[in-house]
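*Asks:* Sequence and predicted structure, then a few things I'm wondering about:
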Amino acid sequence: MPSIRTPSAATVLAAVSLAAVLLAPWAWAAPTWAAPAAAALVRDGVPPTDAAVAASLPRYLQGRSAHFVGWLSDGSLLISTRFGDTWQIHQVRAPLGMRTQISFEPAGVLAAAAQPFSSDTLVYLAASASAGGSTTTTTGAGASGTGTQLILEQLHDHSLRALTDGSDRISQPTWSPDGAQLAFISDRRGPGDADAYVLDTRTPGAIPRLVGGAIDGAGWRIDGWSPDAQRLLLAREAPTGNETQLYVADVEHGTVSPLQLPSVAAGRAAGRARRARSGTGLDDSTALRAADARYAPDGRGILLLTRALATDGAGGLGRQFLHVSLLDPTSGRWQQLSAPTAYDVEMFDESADGHYLAYTLDEDGQSHLMLIDQQLQLDRPVASIPAGIISSLRFDASGRHLALTLESSHS
């Protein structure tokens, strides 16, 4: 049955050599927009709060933690560290090295991404002032007119360049593999929208281009770029189930198509004609479903975190649990990469050369790191990682080092 996972007392960031642990540090999930206040609760038979227990909570809730953000090309890490009530970006140049603060936003940084092949450039998402002069908080508290702003920073002189005007709410800044373009999700068309945009960062003052508009109230999530930077892999919430439906956006032409198996895609033309007559937008009935997805390094295959496309190993568990599979959407051929197991795969990452695939298993509320050598076809656990909850799993450009965030009561 699904395990219940709770935050731990501390968070540690780790960078792992494929042979040894290099750094004892952690990973970062950007704060989400604040939910509306809940209605008043009626307490009946609930004992009063224990003052001694309440007094002990700050050591767990207000501790300084750090989260992995990304790799710079010189091998240093970008991390997010909480100071007081805000999150700021820091650089760590060596294992157990000193953190150097590189962002100083008054309301904190919500997300950040290092530019590929660069040791000098990153983009981060900061709360911006509203038209009325107020500023959003790190939780994005939702007064009308508040927004976020994409900031490009050059580390050699700490110069800042605003990429957007701060009038909209932005999330998921994602660099193209060549480091020239930035994809992100925004509500700039209207409140509640979650559209996909692409911005050319090489041109000062460039206007973001819409490549995927929200349809029928369902917005997009960016799962990644194709290696040639011509396509975006997008996902949106499915009508049923916990997995999302996958689509491919043509960045140049702004067209979006469902990711389908060849047998299904054969009827796509007829489906488009029906949708044109009915005005119902994209046909989501045949789009592949996955909890996460990204392009394989060859640009043809797509890695899927899914319950579909499963083998019947591990005692016939088949499609009961999430696993990692590789799909060729042109031929329809697929291969399950993670070993059949009675646990869900939580997340995965593949090295740029395709040599290694790392993934984590949720085993009774704790993460277990697994590493596949795809050349030797070996799948084995990484026993040097302490017990805890892992997040933000990512290889560096060389494929020799893996960074992650580890939450543990002993860190």
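*Replies:* Yep, it's here. Being a predicted model, the structure only gives us computed values, none of them experimental.
*Asks:* Could you list the low-confidence segments of the chain?
*Replies:* Across the chain, the ranges flagged by pLDDT under 70 are 1-39, 129-145, 217, 239-241, 263-285, 309-319, 410-411.
*Asks:* switch the cut-off to 50
*Replies:* Residue ranges of the chain with pLDDT under 50: 1-4, 6-10, 19-37, 130-145, 265-268, 270-283, 314.
*Asks:* so how far is Ala54 from the residue lying farthest from the centre of it?
*Replies:* Distance from the C-alpha centroid of the chain peaks at Gly45, with 41.8 Å (CA atoms, centre = their mean). Distance of Gly45 to Ala54, given as CB to CB, to the nearest Å: 20 Å. Any C-beta I mention is one placed from the backbone N, CA and C, and that applies to glycine too.
*Asks:* Then Leu371?
*Replies:* In terms of CB to CB, Leu371 sits 42 Å off from Ala54.
*Asks:* Please apply the same query to Ser338.
*Replies:* 43 Å.
*Asks:* Which one's more surrounded, those two?
*Replies:* Neighbour count, other CB atoms under 10 Å: between Ser338 and Ala54, Ser338 has more, with 20 against 9.
*Asks:* residues in contact with that one?
*Replies:* Shown in contact with Ser338 (CB atoms under 8 Å, 6 or more residues apart in numbering): His323, Val324, Ser325, Val345, Phe348, Tyr359, Met370, Ile372, Asp379.
*Asks:* List the neighbouring strands of the helix or strand where the third one lies plus their orientation.
*Replies:* Element membership for Ser325, per DSSP states H and E: strand 323-327. Strand 323-327 has its sheet partners listed here by DSSP bridges as strand 302-306 (antiparallel), strand 334-336 (antiparallel).
*Asks:* Between those, which one is closest to Gln62.
*Replies:* Nearest of the strands paired with strand 323-327 to Gln62, taken as CB to CB: strand 302-306 at 33.5 Å.
*Asks:* So what touches the closest one?
*Replies:* So strand 302-306 is in contact with 233, 243, 246, 259, 288-296, 322-327, 329, 337, 345, 347-348, 350, 357, going by CB under 8 Å, 6+ apart.
*Asks:* and those residues, which are buried?
*Replies:* 233, 243, 246, 259, 288-296, 322-327, 329, 337, 345, 347-348, 350, 357 (16 or more other CB atoms under 10 Å).
*Asks:* can you redo the strands paired with strand 323-327 as JSON lines with mean neighbour count and distance to Pro204?
*Replies:* What follows is the strands paired with strand 323-327, written out as JSON lines (neighbours: other CB atoms under 10 Å; distance: least, CB to CB, whole Å):
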{"stretch": "strand 302-306", "mean neighbour count": "25", "distance to Pro204": "34"}
{"stretch": "strand 334-336", "mean neighbour count": "16", "distance to Pro204": "44"}
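*Asks:* could you redo those strands as TSV and give each row distance to Gly147?
*Replies:* Output for those, formatted as TSV (distance: least, CB to CB, whole Å):
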stretch	distance to Gly147
strand 302-306	31
strand 334-336	41
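*Asks:* returning to that earlier point: figure out the helix or strand that the residue farthest from the centre of the chain lives in.
*Replies:* Using DSSP H and E, no helix or strand contains Gly45.
*Asks:* His156 now?
*Replies:* Using DSSP H and E, no helix or strand contains His156.
*Asks:* Verify the stated contact: it with Asp120.
*Replies:* Yes - using CB atoms under 8 Å, His156 is in contact with Asp120, at 5.4 Å.
*Asks:* Would you map the helices across the stretch 51-200 of the chain?
*Replies:* For the stretch 51-200 of the chain, the helices defined by DSSP state H, counting those that start in this stretch cover 51-56, 58-61.
*Asks:* Out of the ones you listed, the one nearest Leu125 is which?
*Replies:* helix 58-61 (24.1 Å).
*Asks:* roughly how far out does the closest one sit from the chain middle?
*Replies:* 26 Å (CA atoms, centre = their mean, to the nearest Å).
*Asks:* Also stretch 49-59?
*Replies:* 34 Å.
*Asks:* What separates the first and last residues of it, distance-wise?
*Replies:* 17 Å (CA to CA, to the nearest Å).
*Asks:* Please identify the buried residues of it?
*Replies:* Per 16+ other CB under 10 Å, stretch 49-59 contains no buried residues.
*Asks:* Next: stretch 199-209.
*Replies:* In stretch 199-209, counting by 16+ other CB under 10 Å, buried: Leu199, Thr201, Pro208.
*Asks:* Ile170: which of those residues is nearest?
*Replies:* Distances from Ile170 to those, taken by CB to CB, are shortest for Pro208, at 9.3 Å.
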